[in-house]
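> Fold the stuff below for me.
(one chain, ligands or ions: 1)
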Amino acid sequence: VEPAALVDHPALRLEFLTRTLAALVRTPSANPGDFEAAMARRVADLLAPTGAAVELVETFPGRPSVGARLGGGRGGPRVVLNGHMDTVPVGDRDAWSVDPLGAEVRDGLLYGRGACDMKAGLAVQIAVAHALAGDLARAGGELVLHFAVGEERAEPGTLSLLEAGFVGDVGVVTEPTELRLATAQRGAAFLRFTIHGRAAHGGRAELGRNPLDRLGAVLEAIRAEDAVAGATPHPLLDGGSCTATMVEAGIKENVVPERCTVVVDRRLLPGETAESALASLEARVRAAVGSAPGLSVEGEVAGNTFLPAEVGEDEDVVRDLHAAALQVTGGPLALWGTPYSSDVRNLVNDAGIRAVTFGPGSIDRAHAPDEFVPLDEVRTAARVLTEFTARRLLPA
Ligand SMILES: [Zn+2]
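This is a model prediction of the structure:
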């Protein structure tokens, strides 16, 4: 196959990509909300012409992730392309200037909830499958596609696909990176501290033990931890961070509260875990509450953790993606570390796949009103990943 012929495939043109992305944006898949079942059917329909073997893996009852395979079956190399089908909810409809499910195109930008995070990435994956379907049918290598549920809430959609055997040697997560090549990713853990005191009548407050008396000191401790976490150097990532995001206390105006809870969003660097972050911050919070009589502190990891992930810049997946970009765009890709977390952690940490993140659109547009993706970035991503996959899977 001539490289030039490959990137001229009709599936890599704006018309196909726009039509495919619009079909995905018009299929709501908010989590929580509509969830992913209709999207799973839509994805399966869009893949049907490729002849891919498509399997619905029930991550949760009624919420299937979609795994697909093209070519292969002869023990050859395998490439995984991974994306998630869920989006965050539309949010305040009045804050949008376009229909969030309309897939409107203005000045080369396609608008809608999930346009960049990350239905554009899914459209890219579908386009790569269309572009390579004919060649892969005759090749030993296998293209493995993930369309996962539940990424937005760190649910095990990608994990369930890996466990069902949708694995490979190298992987690319098509989350938005503005076409930068991300080899490192921060993680996120959520920590909850409960300060226990003793309730009393507000008119006899001295009989109680008010946890709010120490709240200021606890918030100071969280800021101190943030300064330390943020000062840890990493070549591609901002440091870690530690941000108080929720405080809850009190049941009535005239009651000294029995307890106060503080929730912290802790961004993790490679090498850190939720447990290590908890231990470090808990020591500070305990010191902040101090030896005040009648007050005690409990710390715990709350909710699902995204572990950080990283692969070396000298890995073959990085080299081949640069080479593919050079072929398609004439230049190498900028290296990046993603400040956000995604399922690349499952590929790298759980399945040992050498995986990076590369996709169209900006994370700054994600989760916000008037989310959009530039269609020329969608096309470039589809061309680069087609070239990358061909290099890995098709005989030269
Ligand atoms: Zn995403």
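> Send me the helix or strand containing residue 190 as CSV with only the CA atoms.
Residue 190 is part of strand 187-196, with elements assigned from DSSP states H and E. In CSV, the C-alpha atoms belonging to strand 187-196 read as follows (Å, rounded to 0.1, in the frame of the first residue of the first chain):
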residue,chain,number,x,y,z
GLY,A,187,-3.8,10.6,38.2
ALA,A,188,-6.6,11.7,40.4
ALA,A,189,-7.6,10.5,43.8
PHE,A,190,-10.4,11.9,46.0
LEU,A,191,-9.7,12.0,49.7
ARG,A,192,-12.3,12.6,52.5
PHE,A,193,-11.5,13.8,56.0
THR,A,194,-14.1,13.6,58.8
ILE,A,195,-13.5,15.7,61.9
HIS,A,196,-15.6,14.3,64.7
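> How about residues contacting the next helix-or-strand element following it?
Per DSSP H and E, the first helix or strand lying C-terminal to strand 187-196 is strand 200-201. Strand 200-201 is contacted from outside by 206, 207, 208, 254, 255, 256, using C-beta atoms under 8 Å, 6 or more residues apart in numbering. Where C-beta positions appear, they are placed from N, C-alpha and C, glycine not excepted.
> Relative to the ion, which of those residues is nearest.
residue 255 (42.3 Å; C-beta to the ion).
> which phi and psi does the residue most central in space within the chain have?
Geometric centre of the chain, nearest residue: residue 342, 2.5 Å, by C-alpha atoms, centre = their mean. With angles defined as degrees, to the nearest 10, residue 342 sits at phi -160, psi -170.
> just checking, what packs against the strand holding residue 190?
For strand 187-196, the packing partners by 3 or more C-beta pairs under 8 Å, 6 or more residues apart in numbering; DSSP states H and E come out as helix 215-230, strand 259-268, helix 274-289, strand 296-301.
> Turn the ones you listed into a markdown table, including mean neighbour count.
Formatted as a markdown table, the entries for the helices and strands packed on strand 187-196 read as follows, by neighbours: other C-beta atoms under 10 Å:
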| stretch | mean neighbour count |
| --- | --- |
| helix 215-230 | 17 |
| strand 259-268 | 21 |
| helix 274-289 | 18 |
| strand 296-301 | 16 |
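> Quick one, which of these gets closest to residue 123.
strand 259-268 (28.9 Å; C-beta to C-beta).
> Quick one: mean pLDDT for the strand holding residue 190?
Averaged over strand 187-196, pLDDT sits at 97.
> Off-centre distance for that strand?
21 Å (C-alpha atoms, centre = their mean, to the nearest Å).
> Going by neighbour count, which residues in it are buried?
Buried residues in strand 187-196, counted by 16 or more other C-beta atoms under 10 Å: 187, 188, 189, 190, 191, 192, 193, 194, 195, 196.
> Of these, which is the nearest to the ion?
For the buried residues of strand 187-196, the minimum distance to the ion (C-beta to the ion) is 12.6 Å, reached by residue 188.
> ok, that closest one touching residue 269?
No - look at residue 188 against residue 269 with C-beta atoms under 8 Å: they stay out of range, at 11.2 Å.
> What separation is there between the closest residue to the ion within the stretch 151-300 of the chain and residue 64?
In the stretch 151-300 of the chain, the residue that lies nearest the ion is residue 175 (4.8 Å; C-beta to the ion). With distances taken as C-beta to C-beta, to the nearest Å, residue 175 is found 21 Å from residue 64.
> Just want to know which of the two has more residues nearby.
residue 175 (29 against 23; other C-beta atoms under 10 Å).
> what separates that one from residue 183, distance-wise?
Per C-beta to C-beta, residue 175 is found 13 Å from residue 183.
> circling back to that earlier point, could you check how far the residue nearest to the centre of the chain is from the ion?
6 Å (C-beta to the ion, to the nearest Å).
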